[in-house]
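[1] Sharing a model that was predicted from the sequence below.
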Amino acid sequence: MRKTLLIAGIASLLSTTAMAEGIGVSMALFDDNFLTVLRNGIQSQADSSGLKVQIEDAQNDVAKQLDQINNFIASGVDAIIVNPVDTSATQAMSDAAAAANIPLVYVNRQPVNVDTLPDNQAFVASNEVESGTLETIQLCDNWAAEGKTDVNVYVMQGELSNQAAVQRTQDIYDVIEAGKCKVKVNVIDQQTANWSRDQAQTLMTNWLSTGTAFDGVIANNDEMAIGAIQSMKAAGIDMAKVQVGGVDATQDALAAMQAGDLDVTVFQNAAAQGGGALDAAVKLAKGEAVDQKVYVPFELVTPTNVADYASKN
């Protein structure tokens, strides 16, 4: 029977005396603030436990990532950890690892085959149904507190091949359609900026050029939220008059919030996810049973509690 476990804290994720060597890690992209924290979480956990990990950059290339998986298998690693480039392309990775009988753990990005993973494969992340939901409800509360009843917003999406981007966007509409928002929300436009600050800045500049009045931006992650903020500030927009939300609570996002520019973010414990993925990989390599879905809870971050998160990333 497949088990799903909601982890309420970090300790149980990281508590293990198991030791293993030769764990291969394929990260979707090194050049990403959140994924860097996740990668450092894996390395830190490995260093403190005396484990050897080989971490490689897939450079956002699906084919390159599959090659890395196959190379790990050929070199006889004890287990593999994957942060997928494309969550719809994970079946081939699972099949390759299963054929070689090498444990595999997906981290952060939910694989398309998450409900049919072999017994020696697992998924460690946060439940994306929570992320966009927490973000959107808080933004709605903020608009209501300003006395608004009807708002116009832009939605910035992450990579459309990524399950998190799809779910976080759906969360926005689920909040609206379920009547959980205290104001009427009209989405002017939604487009992808591929998780990128630079692309988000360009996209926001294009939206601003239309001259359409708007009340805020709901972004799938902090990097895009920051890009939107940079564009708005360059255009002379008073950030006190718009609401901007993101997800991840990165250090840059917390700084933007403390500066009064970012209004909402959602803490996703990247370090705990990385450490939890390594813990699961070690246990699977030793033939121990693990929960196939391990969720680290999201946490809402606003200007009232932002100081509490300054040391968490």
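    In hand now; what should we look at? Numbering: from 1, shown residues only.

[2] can you pull the contacts of Val175?
    Gly132, Thr133, Thr136, Ile137, Cys140, Cys181 (C-beta atoms under 8 Å, 6 or more residues apart in numbering). Yep, even glycine has a C-beta here, placed from its N, CA and C like the rest.

[3] what are the ranges of the strands in the stretch 51-200 of the chain?
    53-57, 79-82, 104-107, 121-125, 150-157, 184-192 (DSSP state E, counting those that start in this stretch).

[4] Show me what the first one is packed against.
    Okay, so that is strand 53-57. If you count contacts as 3 or more C-beta pairs under 8 Å, 6 or more residues apart in numbering; DSSP states H and E, strand 53-57 packs onto strand 23-27, helix 33-49.

[5] list the buried ones in the longest one?
    Applying a neighbour-count criterion of 16 or more other C-beta atoms under 10 Å, one finds 33-39, 41-43, 45-46, 49 buried in helix 33-49.

[6] Ok, stretch 298-313 next?
    Under the neighbour-count criterion of 16+ other C-beta under 10 Å, stretch 298-313 has Phe298, Glu299, Leu300, Val301, Thr302, Val306, Tyr309, Lys312, Asn313 buried.

[7] May I ask which two of those residues are separated the most?
    Thr302 and Asn313 (16.4 Å; C-beta to C-beta).

[8] Now Ala271: closest residue in space that isn't a chain neighbour?
    Nearest in space to Ala271, with sequence neighbours left out and distances taken as C-beta to C-beta, 6 or more residues apart in numbering, is Gly41 at 3.5 Å.

[9] pLDDT below threshold where in this structure?
    Low-confidence segments of the chain, defined by pLDDT under 70: 1-21, 313.

[10] tell me the domain boundaries of it?
    Using automatic domain parsing, the domain parsing of the chain gives 4-125+270-296, 128-267.

[11] Can you give me the end-to-end span of the last one?
    The reference is to domain 128-267. Domain 128-267 has an end-to-end distance of 12 Å (criterion: C-alpha to C-alpha, to the nearest Å).

[12] Run the chain-centre distance for that domain.
    For domain 128-267, the separation from the chain centroid amounts to 15 Å (computed by C-alpha atoms, centre = their mean, to the nearest Å).

[13] quick one on the thing from earlier: in CSV: the strands of the stretch 51-200 of the chain, plus mean neighbour count.
    Shown next, in CSV, are the strands of the stretch 51-200 of the chain (neighbours: other C-beta atoms under 10 Å):
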stretch, mean neighbour count
strand 53-57, 18
strand 79-82, 28
strand 104-107, 29
strand 121-125, 26
strand 150-157, 21
strand 184-192, 16
